[in-house]
Every structure is written in C-alpha cells, then in structure tokens.
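Q: here are the coordinates; sequence isn't available:
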C-alpha cells in the first residue's frame with residue numbers, strides 16, 4: 001500500500017485553474033522502488049530558518065527579484081509530489097491546501113524543479129549520501145511556481161503553510177558584469193618580470209596538465225524565452241511539417257521550428273530548424289497563430305493579420321505574386337480580426353468583430369465562399385452572405401478544400417469541397433456558398449481536418465462528419481458520414497482539433513483524448529494503432545490548448561510549457577532528432593547561446609577534447625558571438641597548438657556549455673553530465689552577490705560537490721562584504737553551512753611601473769579590486785582586469801581591424817567574470833595531473849590545496865579575497 005493519500009485537484013473554472021506539468025521524462029516514481037534511505041551523520045540545511053530573513057522570502061520585493069516566479073521547497077518528510085498531474089502527500093490535507101491556495105491566483109501553475117524521473121533523482125542522492133556520509137538536499141522537494149500577478153502575496157501565504165520549508169522569489173540572475181574597460185599575463189610564472197600569474201606553463205608541461213580527461217561546464221545567463229508558451233487559446237499551431245507557439249512574455253512573440261523550405265518559420269531564412277526553435281522576425285503582441293501546409297498566420301492583439309511562408313496560391317493575402325515570404329507581412333485592409341484558420345490547400349479564413357468573414361488563397365473547390373468555384377485570390381475577399389459569425393476562438397475552420405464557420409446563435413455553416421460529406425449537408429455535392437448544417441445547434445467551436453469536420457457543442461458533446469476511413473469521426477466505425485454524428489463517449493469536451501486524418505479533444509478534467517489515424521503516433525497513447533473511438537493520450541491531465549497539424553500535435557498544458565507528439569520527419573517536434581513520438585515529449589530547450597563555438601581558437605580543438613558542446617542543445621546558433629561566454633571558455637580551453645590567438649589554461653579539457661534557465665536546474669543538469677573530478681563554473685551573480693544566495697542553487701551546489709564535482713563560483717561584482725553582520729544578504733550566505741564551492745574574487749592585475757590596462761598608479765598586484773565582493777568566504781582570487789581571451793564584435797582591441805567574429809581577440813575582459821574562469825582552468829589542469837597520477841582530488845582537497853599553495857594577497861589589504869592559485873606549488877604538493 002502506498003504511504004501517500006491520493007487527492008485529486010478540484011479543478012476550478014478555467015480562469016482560476018491550477019495547472020500542473022510534468023516533464024516528459026516522467027517525474028514519477030516508476031521503474032521500481034527508490035534505493036533505501038541511509039542514515040548519514042549530518043543533517044541537511046533547513047531553509048525554513050530563512051523565511052523571515054532571506055532576501056526574496058519576506059517583505060517587499062525589490063527589482064532584484066522576479067515578480068512572476070517563485071522557488072518553493074516543501075518539507076521533505078511531508079512527501080509532497082506531483083504525479084499524474086495531481087498532488088500527492090503523506091497527509092492528503094497538505095495536497096488540498098496547496099491546491100486551494102494556488103487556485104486563488106488566476107493563471108498560477110506549478111511544476112517540479114527536475115525534469116528527470118523522480119526515482120533517478122532520489123537514487124542519485126542516496127548513492128551520494130552513502131558515499132559522502134552526509135545528508136544531502138532532496139531536489140524532488142523543490143518546485144517552481146509561476147504566477148501572473150500577486151507573487152508577493154502568494155509567497156507570504158506559502159511561507160505560512162507548515163509543510164512549506166521556504167518560498168522565495170526567484171532572484172534576478174546576471175553575469176558578473178565587466179565593470180572595467182581598458183596579454184595573457186595570468187598564465188605567467190610566479191615572480192615573472194611581466195607579473196605573477198598562475199604558473200599555467202608549468203602545469204601544461206606535466207602529464208595531464210592541460211586538463212586531460214576533465215570536463216568543465218560553463219553555466220551562463222542566457223536569453224531564454226521567459227515563461228514559455230502562452231496559455232490562451234490559439235497560442236499553438238501545427239502545420240504540415242512545422243510548428244508555432246506564442247510565448248508568455250509581455251512581448252508575446254512567436255517561435256517556430258521544423259521544416260522551413262518555403263520560409264514558413266518566418267525567421268528570414270529557409271534553413272530548417274529540426275533541433276532548435278527560432279523567433280519569427282519582427283512579430284510582437286500576437287494573440288493567436290495558425291498554420292497549414294507550408295505557411296503560417298498570426299493574429300495580433302490590434303486585430304491585424306500577418307502571414308509568411310508559401311504563397312503559391314496567394315495564401316499570404318498580401319497581393320504579392322512572389323512564391324514565398326520568409327518574414328511576416330501584414331494582410332491589408334483587416335484591422336478587426338478575432339479568429340483565424342489556415343487550410344492545407346493554401347487558403348485562410350478570418351472572422352471579424354462585425355460578424356463577417358474574410359478569406360483568400362486557393363479556391364479550387366469554392367472554399368473561399370465568395371460564390372466562385374474557380375479563381376484563387378491573393379487579397380482578402382468577403383465570404384458571401386455570411387453574417388452573425390461568432391467572435392470566439394474557433395469560430396472559423398478550413399480543411400483540405402472546405403470551410404466552416406460558427407454563428408453566434410450556435411449554428412454552423414459550411415462550404416467548399418464535399419466529396420466525402422465534409423459539409424455535413426447529407427450530400428456529396430460541392431458548394432461554394434455557405435449553407436447551414438442541418439440539425440446542429442449549440443455549437444461553440446469548429447475544426448476541420450483534411451476531409452472531415454468537428455463541432456464542439458457548449459454541452460461538451462462533439463459532433464463529427466465527413467471522411468472516416470481511419471476512424472477520425474470517432475463513432476466506432478470507419479464509415480463516412482454525410483451529416484453530424486456524435487463522437488463516442490465524449491460528452492465533456494472543452495476544445496477540439498482536427499488533423500489530416502485524426503482528431504483530438506481536451507476534456508473538462510484537462511485530459512486529452514485522440515482518435516483516428518495513428519501511423520505516426522499522433523494519438524499520443526504509446527502505440528501506433530488507429531482507433532475509431534477516443535483514447536486517452538499518455539500523461540495528460542492539465543491541457544489548456546491543443547493544435548493538430550497534418551500528422552503531429554502541439555499542446556499547451558496551461559503552464560508556460562508545451563508538449564508535442566506524432567510525426568517528426570522534418571523536426572516538427574523540435575526534439576533534436578527526426579524520430580516520431582507516440583507519447584508527448586518536450587521540444588528542445590529554448591534559449592540563445594552565449595558562446596561562439598565557431599571561433600578559430602575553439603572550433604577545431606582536437607579530440608578527445610573537441611569543440612565545445614551545448615548541454616542541452618540550445619535554440620540559437622552555436623556561432624553566436626556572445627561577449628561574455630566566448631572569452632570565458634577561451635580562457636579555459638582555447639587551442640594551444642594551432643599557431644593562432646591564445647592558449648587556454650586547460651586546452652585539453654572538454655568544454656560543456658549550459659545556461660541558468662536549463663529545466664531541472666542548471667547545476668543539477670551539469671552534475672548529471674559530469675564525473676568525479678570534473679568542474680562546474682558558475683558565471684553568475686545575484687545583485688553583486690554570489691549566486692548561491694539562491695537557496696535552490698545552494699542545494700544544487702551541495703549535491704554537485706558531494707558527487708565529486710568541483711564548483712567554481714564567482715563572488716560577484718557588488719563590492720559587498722560577506723562578513724558584514726548588518727547586511728541581510730551576507731548573513732544569509734554566511735549563516736548556512738559552507739556549500740563547498742570555490743568562491744572567486746577579482747584581484748588587481750600586475751602593473752609594470754605602476755601602469756596596467758586600467759591606468760597609472762594602480763594598487764599592488766593581487767589587491768582586491770574596487771568592485772569585487774569580498775570576505776572570509778571568498779577562497780581565492782584571479783586577475784579581475786586586463787585579461788586576454790577570445791574577442792567579439794566591439795570587444796576586439798587585439799584585432800581592431802578584424803571583421804570576422806571568429807578571429808577576434810581582446811585584452812580587456814574584467815570582473816569576477818574573468819577571474820573565475822582562470823580559477824576553473826587552474827582546477828582542470830590540477831585535476832588532469834592528479835587523474836594522470838592515479839586519482840582525482842575531492843572538491844575539498846582542490847580548494848584546500850589552492851588556498852594553501854597560492855600566492856598571497858598583500859597583507860595590508862583588508863578586503864579578503866584569498867591567494868592567487870600557483871599551479872606549480874599545487875602540483876608539487878600532490
């Protein structure tokens with residue numbers, strides 16, 4: 001018997017529904033029991049101590065914190081989990097209370113931090129606890145909450161619940177910015193006439209001393225799509241071989257992925273995007289999207305309509321005869337649109353606020369409804385005799401040659417191709433004029449497949465008619481129907497969508513069902529068998545909107561997230577492969593890269609190190625000349641044998657690149673892709689403080705260190721004294737047990753004759769720079785200015801006339817941004833030597849050796865940032 005009480009979420013009205021999403025990997029306890037819990041000697045840190053003191057956990061929120069996103073940790077012993085899109089808890093009352101509280105905040109949703117299976121996370125933690133002999137944080141008890149408004153109130157209410165360990169607003173994470181502007185002296189030997197460095201050349205001359213066999217993961221701030229997909233109807237669309245979504249940021253931009261042969265992704269190119277999402281060029285304030293075949297349509301909040309992609313039938317509606325457009329163009333003469341639909345033969349329907357309908361594009365079967373059976377139109381025409389059309393989402397629908405519209409009185413009119421009875425008029429005669437579907441009332445929305453039509457009634461019943469060879473009408477047969485029949489057993493639907501030869505619906509419990517053709521897994525139920533009646537799609541229970549393409553589906557689960565399933569031959573699922581999926585999966589993570597992996601000093605690094613690798617692969621180009629991440633990885637791993645540019649401190653180390661918004665937590669993700677002896681670099685700060693001020697980050701660091709991974713953390717550029725008892729942020733950091741990370745401050749670089757790149761009369765080398773955060777918690781330092789590395793446009797003083805971003809270099813990288821990768825490179829070099837000699841060091845040993853063998857900070861400097869690593873002394877101490 002389970003120790004959990006199962007309490008179903010009492011779903012409220014759609015406006016206030018709490019939505020719960022689980023990662024496709026299945027954050028459920030399946031696949032056998034988790035390992036038995038050990039009894040380590042130490043206790044995990046209790047964050048409830050910080051409810052009334054930690055920044056972001058109490059009081060008014062400053063600009064340093066998110067106003068829409070919370071991290072929530074439930075007390076581990078309360079067993080609160082989300083399974084099957086429902087809360088479970090050791091005490092069912094806890095599940096009821098959290099459900100009721102979140103339902104008070106319209107649009108609020110919650111999901112587990114980790115997208116990995118719950119059992120895997122637990123087993124990994126238990127193994128680490130057994131190995132380390134200490135109790136470690138339970139990442140399964142951490143959750144992320146998004147709330148459109150009222151975050152401060154929700155946070156306070158959460159913190160009053162006895163089973164909540166802490167609820168804290170997400171801090172605004174930034175890179176440790178370069179506060180100074182002005183060659184690789186940091187590599188120098190100790191006592192060099194050019195200034196003391198870290199003895200990188202000595203290390204590189206040792207076996208393993210170039211970071212051989214060590215992986216360094218750089219975690220950067222990245223331009224991620226804020227809160228994912230919008231939760232409103234029409235926020236997702238699926239075409240023949242591509243997909244679209246409207247994001248949930250204030251800009252409401254559109255993102256696309258999949259086939260782009262005819263520019264249907266709208267990013268100004270015809271480059272296919274099977275592994276990354278791309279932003280549609282220039283579109284903001286988008287309310288809804290539609291797609292069919294190889295073109296796309298967007299409805300903006302101002303009532304205008306925009307189109308892009310194929311135009312062979314005039315389906316872009318702009319009056320142009322060009323065969324395609326790779327960027328959106330406005331359709332003229334429409335400023336009051338309320339609903340849109342795209343047909344797979346290349347036509348568009350738009351319902352207007354005045355109850356009329358405009359159409360354009362292909363008219364081979366009279367689907368434009370302008371009483372003409374022939375003659376395409378590349379500009380909008382009015383559908384003849386059609387007035388009083390509903391202004392709600394789903395008011396119009398276009399299939400493969402036929403069209404439908406819902407009137408405000410709940411009746412339906414259809415026109416166009418009728419070879420299979422898809423007009424529902426009990427004939428198979430084509431009709432270019434809108435004609436009422438007999439006996440159909442109470443309809444709230446319609447959707448059109450290739451040759452069949454669906455109608456959603458306000459009662460929750462779904463009617464269907466037309467072609468039925470694959471069972472897409474859902475009536476238990478494969479017989480065509482020339483007039484409406486009821487979909488079997490479906491009486492509680494809230495949304496419908498029709499693909500080419502299949503159908504799907506959301507029920508009022510927010511589960512999803514599908515029926516019809518399933519050759520590509522488009523029913524999402526774990527097999528490829530057609531079904532003539534609705535079957536439940538795997539793992540669904542909080543769906544909000546759904547869109548069917550030719551043979552794939554995009555669905556929004558009432559959260560800032562989306563799932564996809566079905567055909568993926570052209571990457572329309574966005575999952576880094578072209579394999580179909582017969583269960584819901586997540587598209588590839590949506591974030592821009594921050595590193596130019598195409599730089600000449602990085603792209604051709606020989607095996608086994610190889611070129612830098614994104615984990616997970618991100619949405620942007622790997623050649624993006626990010627001005628922060630590019631010099632960071634150049635310092636660590638620039639190729640040293642190509643007679644070009646610089647030499648990295650650990651040029652043989654493998655470089656992994658990830659971003660702070662990585663689902664499941666960036667450090668946890670990096671740890672799962674690392675081994676004992678590897679290095680994680682946190683190129684992040686929170687308002688000038690080290691990023692571990694975030695309790696979620698702190699817990700992830702503890703787990704990484706327990707796994708034998710050395711975490712190098714920027715102290716930040718805030719000039720904060722971490723030993724100041726009057727600084728609540730400093731008290732929060734220092735009041736916890738040591739995280740185990742190596743914290744790095746920014747020290748003054750050498751100034752020959754009193755002059756360096758920052759000017760004259762500079763302080764002594766290794767003096768704490770004016771900007772750096774300091775204190776006894778800061779372990780070591782490195783150059784905080786005048787650091788040379790790979791450059792980017794605008795930061796290329798060592799290659800001032802160079803126009804190729806892949807050949808740019810700079811000498812002005814600054815801040816704890818420059819100091820931290822120097823230390824990370826030093827750790828990789830040291831661990832490479834240790835590994836070559838038999839065994840890698842523990843993170844604690846690495847930190848102790850660097851502190852004990854480093855070149856000391858000047859004794860007169862009261863702002864403690866520790867010594868500069870000395871790799872020769874460190875290696876000699878092994």
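A: Yep, it's here. Because the structure is a prediction, the values reported are computed rather than measured.

Q: please make it C-alpha for all contacts and neighbour counts, starting now.
A: Noted.

Q: A strand includes residue 463, no?
A: Yes - with the criterion set as DSSP: H, G, I helix; E, B strand; the rest coil, the secondary structure at residue 463 is a strand.

Q: residue 127: which element?
A: Applying DSSP states H and E as the criterion places residue 127 in helix 118-132.

Q: for residue 624, give me its contacts.
A: 593, 594, 595, 596, 597 (C-alpha atoms under 8 Å, 6 or more residues apart in numbering).

Q: who's in contact with the top strand by length along the chain?
A: Determined from DSSP state E, the single longest strand within the chain is strand 65-74. Counting contacts by C-alpha under 8 Å, 6+ apart, the residues outside strand 65-74 that touch it are 56, 61, 80, 141-152, 155, 163-172, 696.

Q: among those residues, name the buried ones.
A: Those of the contacts of strand 65-74 that meet the buried threshold are 56, 61, 80, 141-147, 151-152, 155, 163-172, 696, by 16 or more other C-alpha atoms under 10 Å.

Q: out of these, list just those in helices.
A: Using DSSP state H, the subset of the buried ones among the contacts of strand 65-74 located in helices is 151, 152, 155, 696.

Q: domain assignment for this structure?
A: Per automatic domain parsing, the domain ranges recorded for the chain read 5-171, 185-224+611-623+649-876.

Q: lowest average pLDDT across those domains?
A: Ranked by mean pLDDT, those end with domain 5-171 in last place, scoring a mean of 77.

Q: tell me how far it lies from the chain's centre.
A: Taking C-alpha atoms, centre = their mean, to the nearest Å, the mean C-alpha location of domain 5-171 is offset from the chain mean by 19 Å.

Q: and for stretch 756-772?
A: Per C-alpha atoms, centre = their mean, the displacement of stretch 756-772 from the mean C-alpha position of its chain is 39 Å.

Q: end to end, how far does that stretch reach?
A: According to C-alpha to C-alpha, to the nearest Å, stretch 756-772 extends 18 Å from its N-terminal end residue to its C-terminal end residue.

Q: likewise for stretch 105-114?
A: Counting by C-alpha to C-alpha, the length from the leading to the trailing residue of stretch 105-114 is 23 Å.

Q: most tightly packed of the domains of the chain?
A: domain 185-224+611-623+649-876 (a mean of 23; mean count of other C-alpha atoms under 10 Å).

Q: what about that domain, distance to the chain center?
A: Average the C-alpha atoms of domain 185-224+611-623+649-876, do the same for its chain, and the two points are 26 Å apart (C-alpha atoms, centre = their mean).

Q: circling back: tell me which of the contacts of strand 65-74 fall in strands.
A: Among these, the members falling in strands (DSSP E) are 142-146, 164-171.

Q: which of the domains of the chain sits closest to residue 402?
A: Ranking the domains of the chain by distance to residue 402, with C-alpha to C-alpha as the measure, places domain 5-171 first at 31.5 Å.

Q: what sits against residue 792?
A: The contact partners of residue 792, taken as C-alpha under 8 Å, 6+ apart, are 625, 626, 627, 630, 805, 806, 808, 809, 810.

Q: that one and residue 694: what is the separation?
A: Computed as C-alpha to C-alpha, the residue 792 to residue 694 distance reads 31 Å.

Q: phi, psi of the residue lying farthest from the centre of the chain?
A: No residue in the chain sits farther from the centre than residue 753, which is 49.6 Å out by C-alpha atoms, centre = their mean. Phi and psi for residue 753, reported as degrees, to the nearest 10, are phi 70, psi 20.

Q: so residue 669: helix, strand or coil?
A: Local secondary structure at residue 669 is given as helix here, using three-state DSSP.

Q: repeat that for residue 647.
A: coil.

Q: residue 283 too?
A: The assignment at residue 283 comes out as coil when based on three-state DSSP.

Q: which residue is the nearest non-sequential neighbour of it?
A: Leaving out its chain neighbours, the residue that sits closest to residue 283 by C-alpha to C-alpha, 6 or more residues apart in numbering is residue 253, at 5.7 Å.

Q: all strands of the stretch 251-400 of the chain, in order?
A: Defined through DSSP state E, counting those that start in this stretch, the strands belonging to the stretch 251-400 of the chain, from first to last, are 254-258, 273-279, 286-292, 295-300, 305-310, 324-330, 337-343, 347-352, 357-361, 377-382, 396-398.

Q: same deal with the stretch 451-600 of the chain?
A: Counting by DSSP E, counting those that start in this stretch, the stretch 451-600 of the chain has these strands, from start to end: 452-457, 462-466, 481-486, 493-498, 502-507, 512-516, 531-536, 545-548, 552-556, 562-566, 581-585.
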